Each structure stands twice: as C-alpha cells, then as structure tokens.
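Participant: fold the stuff below for me.
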Amino acid sequence: MALDSRVGPGGRAPAAGTVGACRRAGETVLVDDVPDDVLDTALDDDLDDADREPDLTVHRGGGCGAPAAGATNPRLSKFHAPEIVFGPDSLREAAYAAVRLGARRPFVVTDPGVFEAGWPSELLAHLRGTGLAPRLWTDVTPNPKDHEIEQGYHDYVASGCDVVMGLGGGSVIDAAKGVALLASNGGRILDYEGIDRIANPIPPLIMMPSTSGTGADVSQFCIVTDTERHTKITIMGRALVPDVSVIDPRLLVTMPEWLNAATGLDALTHGIEAFVSLAHGPLTDHHALQAVSLVNANLAHTMMRPDDQRARQAMAQAALEAGLAFTNAILGATHAMSHQVGGMLDLPHGVVNGVLLPHVVRFNGAAGPERFVPIAQAMGLAGPGVPGDEAVDMVAAEIRKLGDEVGVPSGLAALGVTEADVPRLAVLTLGDACLTTNPRPASVDEVETLFRAAL
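Facilitator: Numbering: from 1, shown residues only. Take a look at the predicted model:
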C-alpha cells in the first residue's frame with residue numbers, strides 16, 4: 001500500500017494548509033552522574049541477557065508485548081524519542097516549533113493550577129508573537145477522565161485548530177494526546193485501549209512539562225481514567241510520541257510540594273522498572289540508571305530548597321531520562337497495580353507508585369536479583385561485587401527511606417485502599433499492558449499478596 005503523501009515524519013499528519021511537517025533530532029547535554037563501572041556492569045548484563053532472554057514481539061508502531069513463543073535472540077531494538085529542547089527559558093522555543101510544524105491555530109491544553117501559575121500566559125504571548133492564533137483549553141483534572149478528553153476534542157474541532165500543545169503535568173499531556181488521537185480517528189477515547197489501535201496519523205504534538213517525573217512529554221503512552229469502570233486504561237503506540245518536547249526547568253518551581261514528591265517518585269519508578277523490564281536493552285539502560293541516580297541525589301533536596309535551580313534542572317533531566325527509558329523498555333508490575341488504585345480512588349499516580357515500588361522490587365528481586373546490583377550502585381548504596389539479594393534489600397529500603405523524606409505514606413490504607421478492594425484491584429492489574437514486561441510473571445494470587453503487603 002502506498003504511503004499517504006500527507007503523512008508527516010513519525011507517522012504524524014502535517015497541520016492543515018501545509019505542504020509537510022519537518023522534524024529534526026533534538027540534542028540534550030546529559031549530566032554523567034552514573035559511574036563507568038556501573039554502566040559496565042549493566043552492559044555485561046545486557047550481553048548475558050542475549051543468551052538467556054526471549055525475544056519480544058515488536059508491534060507496528062513500536063509497542064512491545066509478551067515474549068514471542070519460541071523466539072530466539074538477537075532481538076530487535078527500537079528507540080523512539082521526540083525532538084528535545086532542554087534548558088532554562090526554553091519555553092519560547094515552543095512557539096517556533098509550532099511554526100515549523102505548520103501551525104496556524106494551535107490548541108493549547110493546560111489545567112487551572114498551571115494557568116494560575118502564569119506559564120500559559122507566557123506561552124500564549126510567544127505564540128501570538130510569531131503570528132499564530134492559539135486557542136486555550138483548561139478543563140483538565142488530575143488523572144484525566146474519558147469525558148474530559150472527548151469534550152476537548154469537540155472544542156478542538158469547533159475552533160478549527162491544528163497543532164496540539166500540552167503545557168502541564170502528566171495529566172495535561174495525556175489529555176492533549178487524547179485530543180489529538182480523536183482529532184483524526186474519531187470515536188470514543190476508550191476505544192483505543194491497548195497497543196497500536198491508532199489507525200490514522202494524528203496532528204503534530206508539542207509538549208511542555210511543568211512537573212519533573214511523568215515522562216509523558218517523550219513517551220508513547222496515554223493514560224486515561226475510565227469513569228464507568230473506575231480504572232485507568234493504557235493507550236500505547238508510536239503515534240503518541242510527541243514531535244517536540246520543550247523542557248524548561250523554570251516551570252518546576254511552581255509545583256506544590258506534594259506534586260514534586262509524587263512526580264519525582266514516578267521518575268524513580270520509571271527508571272527502576274525500565275531497567276529490569278523484559279524489553280530493556282543497552283539503548284535504555286543508560287537512561288534508566290541516570291534517572292535513578294539523579295532522582296536519588298536531588299529529589300529530597302528540591303523539597304528542602306525548592307528554589308535551587310541546579311537541583312531543579314537535575315530533576316528535569318531525571319524525568320527526561322526516565323521517560324526515554326520507559327517509553328522504549330516499557331514498565332512493570334508497579335505501574336500495572338498503580339493504574340488500578342489511581343483509577344479507583346482518583347489518587348496521585350506517583351504517590352501510589354512510591355508506596356508500591358519497594359514491595360514490587362522485593363517480588364521481582366526474589367526471582368532475578370542480579371539486575372538490582374547496578375541500580376544499588378547508581379543510588380550510591382553499594383560497590384562492585386555486592387550480592388544480588390543484598391542489592392535488592394538495599395534498593396527497597398532506600399526507596400522507602402526516600403518516600404519518608406518527601407512525605408509519602410508507608411501504606412495504601414492511608415490513601416483509602418481497603419482489604420475489600422484487593423481482589424478487584426488484582427484482577428484489573430492482570431489486564432494492564434505494563435504487566436507484560438514485568439521481569440517476573442505474576443498470578444492473581446501473587447498480585448493480591450503484593451497489594452495486601454502494601455496496605
């Protein structure tokens with residue numbers, strides 16, 4: 001079948017009225033916080049994995065599913081990433097990116113909290129300064145709801161918009177992706193649950209994160225709350241990787257403390273789960289370990305000194321590195337479980353991750369402790385030669401210690417989860433796409449045990 005000449009780079013449709021959409025590779029300057037011997041250990045593990053790990057089914061669009069039966073290595077690796085603009089005062093670059101992508105009337109998605117912080121006003125001024133006529137939409141709540149995204153889609157169409165821009169945290173960015181998905185595919189957002197269900201190219205996407213942890217600005221995921229079933233669904237596909245991510249660390253200083261803690265723990269979870277994922281590889285391991293190192297060294301510091309720009313920039317980089325890792329290596333049981341808790345009780349995703357992660361680390365580490373040795377080293381907890389089981393215990397304890405330092409509860413009961421919720425949460429977890437790449441298979445009884453341990 002011939003390719004449609006209107007399809008822009010990366011499977012994205014050019015904005016209306018344009019000849020094409022150009023996209024160039026972005027560059028970032030990475031802080032090399034992970035010692036060489038840690039990376040060497042990880043690389044050795046990757047070479048060993050080539051002899052013992054099954055291949056993964058690579059779906060059209062780049063999603064990874066369950067191990068393919070009878071497959072042998074070497075396995076195919078793909079690495080998806082947007083153009084990345086990183087650094088203080090980079091928000092203005094979003095306007096130039098919109099012009100390059102053919103925008104005339106960009107649809108700017110944000111939420112009331114970010115609007116009150118003043119960042120959308122700054123962005124709108126930059127957009128108007130380049131001759132564009134933006135439309136602002138602010139009707140997004142935390143854990144974006146299916147009906148909110150569908151209303152945003154109707155507003156997008158009614159306003160005659162083209163490029164979609166998301167300025168905010170993970171909820172805003174997921175809502176922006178959902179609007180873009182429906183703009184060219186129609187239907188209901190819940191119709192697209194799963195991997196590679198998006199048939200038509202979507203409008204160009206430009207994302208500007210105002211938190212340091214979700215990684216949604218570089219990922220191929222869109223997480224939506226199903227308000228009928230009271231759970232979260234995962235939409236995954238190459239089309240959802242934004243064209244441009246503009247990461248301005250200035251935006252992080254207006255986050256509330258609880259959100260800073262939640263998103264920072266989310267980044268840590270992304271790094272750890274991506275590193276031990278069945279779909280990990282040398283292209284993702286470096287980013288995962290960098291993220292783990294940066295979060296462990298800087299998150300608590302940003303809570304104590306929120307105006308420290310150096311620590312904020314380090315956390316912005318941590319979120320970016322973790323996002324690049326998990327969008328390519330996918331995630332694991334922590335996220336599969338957290339999605340169900342967050343969907344049922346409308347709780348902050350990163351806080352739930354922070355509670356669950358130590359328990360999942362011990363669960364996975366019991367079956368494969370060696371992968372946790374480089375993680376313990378990246379966190380500054382161990383030197384070369386530490387036994388795997390000791391590394392698992394070190395990592396789990398350090399995560400809990402960090403959670404205590406930033407004010408995250410030690411159990412799910414404090415967040416409103418009850419014993420009666422556990423069976424339903426466990427059943428829903430088994431249907432989550434993130435569980436397919438968890439390094440250890442989990443039965444419904446094992447997931448129930450994990451939930452009960454985390455209460």
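Participant: only C-alpha atoms for contact and neighbour calcs from this point on.
Facilitator: Fine.
Participant: and for Ser338, the neighbour number?
Facilitator: 26 (other C-alpha atoms under 10 Å).
Participant: wait, isn't it in contact with Val355?
Facilitator: No. Contact criterion C-alpha atoms under 8 Å: Ser338 and Val355 do not qualify, at 9.3 Å.
Participant: and Met207, what helix or strand is that in?
Facilitator: Taking DSSP states H and E as the criterion, the element that holds Met207 is strand 205-209.
Participant: so what touches that strand?
Facilitator: Defining contact as C-alpha atoms under 8 Å, 6 or more residues apart in numbering, one finds that strand 205-209 is touched by 91, 94, 97-98, 163-170, 173, 177, 180, 217, 242-248, 251.
Participant: and if we set it to 7 Å?
Facilitator: Under the criterion C-alpha atoms under 7 Å, 6 or more residues apart in numbering, residues 163-169, 173, 217, 242-247 lie in contact with strand 205-209.
Participant: what does stretch 91-98 give?
Facilitator: Here stretch 91-98 has contacts from Leu123, His126, Leu127, Thr130, Val163, Val246, Asp248, using C-alpha under 7 Å, 6+ apart.
Participant: again with stretch 267-278
Facilitator: With C-alpha under 7 Å, 6+ apart as the criterion, stretch 267-278 contacts 213-214, 280, 285, 288-289, 291-292, 295, 318-319, 322, 325-326, 329-332, 353, 357, 371, 437-439.
Participant: same deal with stretch 439-447?
Facilitator: Residues contacting stretch 439-447 (C-alpha under 7 Å, 6+ apart): Val276, Ser277, Leu278, Asn364, Ala367, Ala426, Val427, Leu430.
Participant: now it: mean pLDDT?
Facilitator: Mean pLDDT, stretch 439-447: 97.
Participant: likewise for stretch 405-421?
Facilitator: Mean predicted lDDT for stretch 405-421 stands at 96.
Participant: now the strand holding Met207: how far from the chain's centre is it?
Facilitator: Its chain's C-alpha centre lies 13 Å from the corresponding centre of strand 205-209 when counted by C-alpha atoms, centre = their mean, to the nearest Å.
Participant: which SSE is immediately downstream of that strand?
Facilitator: strand 221-226.
Participant: packing partners of that next one?
Facilitator: Counting by 3 or more C-alpha pairs under 7 Å, 6 or more residues apart in numbering; DSSP states H and E, the packing neighbours recorded for strand 221-226 are helix 146-158, helix 170-185, strand 231-236.
Participant: out of the ones you listed, nearest to Phe115?
Facilitator: Nearest of these to Phe115, taken as C-alpha to C-alpha: helix 170-185 at 11.6 Å.
Participant: now the closest one - C-alpha only, PDB.
Facilitator: The C-alpha atoms that make up helix 170-185 are tabulated as PDB, following Å, rounded to 0.1, in the frame of the first residue of the first chain:
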ATOM      1  CA  GLY A 170       1.300  14.200  33.000                       C
ATOM      2  CA  SER A 171      -2.500  14.600  33.200                       C
ATOM      3  CA  VAL A 172      -2.400  17.600  30.900                       C
ATOM      4  CA  ILE A 173      -0.100  15.900  28.500                       C
ATOM      5  CA  ASP A 174      -2.100  12.700  28.400                       C
ATOM      6  CA  ALA A 175      -5.300  14.800  27.800                       C
ATOM      7  CA  ALA A 176      -3.500  16.600  24.900                       C
ATOM      8  CA  LYS A 177      -2.500  13.300  23.400                       C
ATOM      9  CA  GLY A 178      -6.100  12.000  23.700                       C
ATOM     10  CA  VAL A 179      -7.500  15.100  21.900                       C
ATOM     11  CA  ALA A 180      -5.000  14.700  19.100                       C
ATOM     12  CA  LEU A 181      -5.800  11.000  18.800                       C
ATOM     13  CA  LEU A 182      -9.600  11.700  18.500                       C
ATOM     14  CA  ALA A 183      -9.000  14.600  16.100                       C
ATOM     15  CA  SER A 184      -8.000  12.200  13.300                       C
ATOM     16  CA  ASN A 185      -9.500   8.900  14.400                       C
END
